[in-house]
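Enquirer: Pasting the sequence and the predicted model now:
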Amino acid sequence: MASSSGSSGSGVRKRAAHIIGRLYGAVRRSTCEQHFNEFHPFHLKLSEVAWGVARSDPEMQKQLLTFFPCGSSKDR
């Protein structure tokens with residue numbers, strides 16, 4: 001098994017939480033409140049996507065997260 005320094009359960013949980021915050025914040029900032037609230041597939045699948053990304057190759061995580069920048073409040 002290929003493992004990196006962050007492959008522990010707690011490391012994956014921390015990365016998943018960070019990814020959820022990044023994706024949530026970026027999508028929230030890019031839509032009006034009504035459309036964000038009505039974006040049900042996003043809300044339903046956000047955790048699943050974040051866990052998948054958190055378990056992926058660190059380089060892939062880095063590349064993906066460039067599309068979802070942090071907002072004015074860092075590490076949301």
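Expert: Arrived safely, thanks for sending. Residues are numbered from 1 along each chain as shown.
Enquirer: Let me know the helix or strand that the one residue sitting closest to the centre of the chain is in.
Expert: Centroid-nearest residue in the chain: I19, 2.3 Å away (criterion: Cα atoms, centre = their mean). Assigned by DSSP states H and E, I19 falls within helix 9-30.
Enquirer: Can I get that helix in CSV? Just the C-alpha atoms.
Expert: What follows is helix 9-30, C-alpha atoms only, in CSV (Å, rounded to 0.1, in the frame of the first residue of the first chain):
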residue,chain,number,x,y,z
GLY,A,9,-7.5,8.2,10.0
SER,A,10,-7.2,11.5,11.8
GLY,A,11,-5.1,13.0,9.0
VAL,A,12,-7.8,12.1,6.4
ARG,A,13,-10.5,13.5,8.7
LYS,A,14,-8.6,16.8,9.0
ARG,A,15,-8.1,17.0,5.3
ALA,A,16,-11.7,16.2,4.6
ALA,A,17,-12.9,18.9,7.0
HIS,A,18,-10.5,21.4,5.3
ILE,A,19,-11.7,20.4,1.8
ILE,A,20,-15.4,20.7,2.9
GLY,A,21,-14.7,24.2,4.1
ARG,A,22,-12.8,25.2,0.9
LEU,A,23,-15.5,23.8,-1.4
TYR,A,24,-18.4,25.1,0.7
GLY,A,25,-16.9,28.6,0.9
ALA,A,26,-16.0,28.9,-2.7
VAL,A,27,-19.4,27.8,-4.0
ARG,A,28,-21.1,29.9,-1.4
ARG,A,29,-19.2,33.0,-2.5
SER,A,30,-19.8,32.3,-6.2
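Enquirer: What are the contacting residues of that helix?
Expert: Helix 9-30 is contacted from outside by 5-6, 36, 39, 42, 46-47, 49-51, 53-55, 61, 65, 67-71, 75-76, using Cβ atoms under 8 Å, 6 or more residues apart in numbering. Heads up, the C-betas are built off the backbone N, CA and C, glycines and all.
Enquirer: Any idea how many residues pack against S47?
Expert: Counted by other Cβ atoms under 10 Å, the residues lying close to S47 total 13.
Enquirer: Where does it fall, secondary structure wise?
Expert: Using DSSP H and E, S47 falls in helix 40-54.
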